[in-house]
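> Just to be clear, the model below is a prediction. Sequence and coordinates:
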Protein chains: 2
Amino acid sequence: MSGQTVSRVSNGRDNVDPDTRERVLEAMRKLGYRPNSAARALRSGRFHSIGVITFTLSSFGNMRTLDAIAIAAADAGYSITLIPVPHPTQGEISVAFGRLSEEAVDGVIIIVEAHLLDENDVALPADLPVVIVDSTAGDRYPVVDTDQAHGARLATEHLLDLGHRTVWHIAGPERSYSATHRREAWEATLREHGADVPPVLVGDWSSESGHELGLELARNPDVTAIFAANDQMALGLLRALHESGRAVPAEVSVVGFDDMEESRSFWPPLTTVRQFFGEVGRRSVEALLYEVESGERDDSTLVATELVVRDSSAAPPA
Amino acid sequence: MSGQTVSRVSNGRDNVDPDTRERVLEAMRKLGYRPNSAARALRSGRFHSIGVITFTLSSFGNMRTLDAIAIAAADAGYSITLIPVPHPTQGEISVAFGRLSEEAVDGVIIIVEAHLLDENDVALPADLPVVIVDSTAGDRYPVVDTDQAHGARLATEHLLDLGHRTVWHIAGPERSYSATHRREAWEATLREHGADVPPVLVGDWSSESGHELGLELARNPDVTAIFAANDQMALGLLRALHESGRAVPAEVSVVGFDDMEESRSFWPPLTTVRQFFGEVGRRSVEALLYEVESGERDDSTLVATELVVRDSSAAPPA
DNA sequence: CACGTGCATGTTCACGTCAACATGCGGTCT
DNA sequence: AGACCGCATGTTGACGTGAACATGCACGTG
């Protein structure tokens, strides 16, 4: 019984005598044999692993996307290697990308605000397939992202259609592309409908920042409709409105963005724009593996959104 | 210039002439040389990677733990290989553990309800170090977990100390060990204080289930204090109380468990038990790497909790 | 019966790295 | 001067796998 026969059994080839196969399997069991993936990777040049670079996982979107990526990858027979970048400082990012060249991966999915890539001008290993998620990357790499503009438009139009004269906006941080896209689409939609464009309030995605900015908005009696750039800020905003005694949605309507699992349990249940993170994850794996296996770069894609109307939005007070 | 010299430079050995080192680095840059981790792993027998088996990442605790694990591992020079088990059916679990033997990992951290291990009687590769997180595993493997009982005791005593005659409980699913531990500690604490033990309401961790059970509790005028086994169910519970017109905390006090980032922005801001997921992640990596590097099994550890008092708890109505 | 044919199984070798050992050169000590 | 030492660098081989090629056996055909 040679190593070759073991290899054949282990790889499920069919040109092995059933008796022999059985004896081999029996021996494997008895000896606790585990195929050595390092040797296999060395021989084949494939690691069957996808690297995922992300800052914090502690963000609803990143986490959901990662989950979907992991599942899609597993379905395709790939595992996920996480490459965390805990503190997005210049140095850390370079370190992470440097480490990348030593990682045993066939390709990389990057879930990082793209401006950080630009600013750091980091050189990814040239022959490594890359897909960027939830960001913008010129056209150096394929990008898979939620259609932020589409979602922001849905939210803004929903509020205008309810009869509000205009819609205020609590935006995400300036350096975030998704925040910028949502904000631009919100503004464009208002202009198209001939509505005033009120000043933007800039938060940092946290519910706490939504609360602070919300207290400010609550003081202004002209405000009847607010579009928050994510559900967490919407949550803080709802709290601010309650604390200020302004009824939602009777006096003020609120729309969020993301559709977190909890949003339906906010008080009142939140009208929001649903993102299909699962789809984003699936497509990014698809695009990456396409390049890994064919050598050709795939196109960028946008994933549509959907408005979920719950109880936090209604017509303005008469 | 032999391969050996390249190896020495690449590994940062000091017995290389500075001139030569420079020439080698220059050549590496020019040729885009990347050390082959498969060959390295083959030679050394170490992958410098930790496998993490988890069901869904879409749970606040798992995700935070994973984040901490990833960071702790990165600090120790290890990367994380995710092994998702999307659907925890008998078959899927066996598949995942089977796949494990082919993964390039030095050890495994399992974030899976332990009863699933028992029920499936899966054989992990015998020589692979394993650490279990957030669960219970007899004493087959070291376990790192939040001290669930301690947290539940803190929550319950807090409410009793405020003057409530007893505390109701919305528990997590029966098959979850953490849910069971919290529930048992809640019950034990009530008994110690000579308080009645009201019937338990069993949810499934989701805010939606908290809402449903909350509507039930809201109807009962005897209920003045409720301990929810996680913050998400507490969120749904708050909504149910609002909808039923019962003021929090004036009429009913609510305490959660987890301290999600959003909990401070609930309405009212939630009193809850803070879990130190970062610490759990760090310790589990520590325990695993101890075994990987020394060959000896580490002890199990519990991580303490902390009560965070906010506005959802107060003395009962007079 | 000689010869081919098909199939199971065996043998050889290369993948990239790095430990161990070998070489070779300039300098030092007696 | 001769022996020796330290240091940079080169050479060899082994890690486990699997493709490619080689062997050997059973069976069928003219």
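Looks like it came in fine.
> And the next helix or strand past the longest helix belonging to chain A?
Across chain A, the longest stretch assigned as helix under DSSP state H is helix A:277-294. Next in sequence after helix A:277-294, counting helices and strands by DSSP states H and E, comes strand A:301-303.
> Name the residues that touch the longest helix of chain A?
If you take CB atoms under 8 Å, 6 or more residues apart in numbering or on different chains as the criterion, helix A:277-294 is touched by A:50, A:61, A:64-73, A:76, A:78, A:106-109, A:129-131, A:133-134, A:142, A:144-146, A:296-299, A:301, A:303. All C-beta spots, glycine's among them, are computed from the backbone N, C-alpha and C.
> Tell me which residues of that helix come out buried.
Neighbour counts over helix A:277-294 (16 or more other CB atoms under 10 Å in any protein chain shown) mark A:277-285, A:287-292 as buried.
> Over to stretch A:178-189?
Neighbour counts using 16+ other CB under 10 Å place A:178-183, A:185-187, A:189 of stretch A:178-189 among the buried residues.
> Mind putting these into a markdown table with pLDDT?
A markdown table is the format used below for these (pLDDT from 0 to 100):
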| residue | pLDDT |
| --- | --- |
| A:Ser178 | 90 |
| A:Ala179 | 94 |
| A:Thr180 | 94 |
| A:His181 | 94 |
| A:Arg182 | 97 |
| A:Arg183 | 98 |
| A:Ala185 | 98 |
| A:Trp186 | 98 |
| A:Glu187 | 98 |
| A:Thr189 | 98 |
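> and A:Gly61, what element?
A:Gly61 is part of helix A:60-75 when elements are defined by DSSP H and E.
> what angle do the next helix or strand after that helix and strand B:79-84 make?
Following helix A:60-75 in sequence order, the next helix or strand is strand A:79-84 (DSSP H and E). Here strand A:79-84 runs at an angle of 130 degrees relative to strand B:79-84 (axes from the mean of the first three to the mean of the last three CA atoms, to 10 degrees).
> on that earlier part again, what's the angle between the longest helix of chain A and strand A:79-84?
If you take the same axes, to 10 degrees, helix A:277-294 sits at 110 degrees to strand A:79-84.
> Now helix A:277-294: average pLDDT?
For helix A:277-294, the mean per-residue pLDDT is 94.
> pretty sure A:Ser101 contacts B:Asn36?
No. The pair A:Ser101 and B:Asn36 fails to qualify as a contact (CB atoms under 8 Å) at a distance of 10.3 Å.
> Could I get the average pLDDT for the helix or strand hosting A:Ala149?
Element membership for A:Ala149 (DSSP H and E) is helix A:148-161. Averaged across helix A:148-161, pLDDT comes to 98.
> could you dump the next helix or strand after it to CSV, C-alpha only?
Following helix A:148-161 in sequence order, the next helix or strand is strand A:168-171 (DSSP H and E). Presented in CSV, the C-alpha positions along strand A:168-171 are these (Å, rounded to 0.1, in the frame of the first residue of the first chain):
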residue,chain,number,x,y,z
TRP,A,168,-33.5,66.5,7.7
HIS,A,169,-30.5,64.2,7.7
ILE,A,170,-28.2,62.8,10.3
ALA,A,171,-25.2,61.6,8.3
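> So which elements touch the strand or helix carrying A:Glu22?
Per DSSP H and E: A:Glu22 is located in helix A:18-31. Here helix A:18-31 touches helix A:3-10, going by 3 or more CB pairs under 8 Å, 6 or more residues apart in numbering or on different chains; DSSP states H and E.
> How about the helix it packs on and DNA strand C, touching?
Yes. Using CB under 7 Å from any atom of the strand, helix A:3-10 reaches DNA strand C at A:3-5, A:8.
> From the residues you listed, list the buried ones, please.
Buried members of those, counted by 16+ other CB under 10 Å: A:5, A:8.
> Including pLDDT and distance to chain B, could the residues of helix A:3-10 next to DNA strand C go into a markdown table?
Shown next, in a markdown table, are the residues of helix A:3-10 next to DNA strand C (pLDDT from 0 to 100; distance: CB to the nearest CB, whole Å):
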| residue | pLDDT | distance to chain B |
| --- | --- | --- |
| A:Gly3 | 78 | 15 |
| A:Gln4 | 83 | 18 |
| A:Thr5 | 85 | 19 |
| A:Arg8 | 87 | 16 |
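> For burial, what's the neighbour tally of the closest residue to DNA strand D within the stretch 101-250 of chain A?
Minimum separation of the stretch 101-250 of chain A from DNA strand D (CB to the nearest atom of the strand) falls at A:Ala104, amounting to 14.4 Å. For A:Ala104, the neighbour count with other CB atoms under 10 Å in any protein chain shown is 24.
> Then the one 4 residues further on?
When neighbours are defined as other CB under 10 Å, A:Val108 has 23 of them.
> Doesn't it lie inside a strand?
Yes. Per DSSP: H, G, I helix; E, B strand; the rest coil, A:Val108 lies within a strand segment.
> what's near enough to touch it?
Contacts of A:Val108 by CB under 8 Å, 6+ apart are A:50-53, A:83, A:100, A:124, A:128-131, A:288.
> Please list all residues in contact with A:Ala195.
A:Ala195 makes contact with A:160, A:165-167, according to CB under 8 Å, 6+ apart.
> so how far is chain B from it?
Distance from A:Ala195 to chain B, counting by CB to the nearest CB, to the nearest Å: 29 Å.
> Test for you: state the pLDDT assigned to that residue.
Value listed for A:Ala195 in the pLDDT field: 98.
> go on, A:Asp118?
Per-residue pLDDT puts A:Asp118 at 63.
> What's the local residue count around the nearest residue to A:His150 once chain neighbours are set aside?
Excluding the flanking residues, the one nearest A:His150 by CB to CB, 6 or more residues apart in numbering or on different chains is A:Thr305, at 5.5 Å. For A:Thr305, the neighbour count with other CB under 10 Å is 24.
> give me every residue that touches A:Thr305.
Counted by CB under 8 Å, 6+ apart, A:Thr305 has contacts A:146-147, A:150-151, A:154, A:273-276.
> Swap in 6 Å and give it another go.
Shown in contact with A:Thr305 (CB atoms under 6 Å, 6 or more residues apart in numbering or on different chains): A:147, A:150-151, A:273, A:275.
> just to revisit the earlier point, name the residues that touch the helix holding A:Glu22?
Contacts of helix A:18-31 (CB under 6 Å, 6+ apart): A:6, A:9.
> what about A:Ser226, which helix or strand?
Small correction: residue A:226 is Ile, not Ser. Using DSSP H and E, A:Ile226 falls in strand A:225-228.
> For the spatially closest residue to A:Gln275 that is not a sequence neighbour, grab the count of nearby residues.
Leaving aside its sequence neighbours, A:Gln275 sits nearest to A:Thr146 (CB to CB, 6+ apart; 4.8 Å). Burial measure for A:Thr146: 27 neighbouring residues, criterion other CB under 10 Å.
> do the same with the one 10 residues further on
When neighbours are defined as other CB under 10 Å, A:Thr156 has 27 of them.
> Now do the contacts for it.
A:167, A:186, A:189, A:227.
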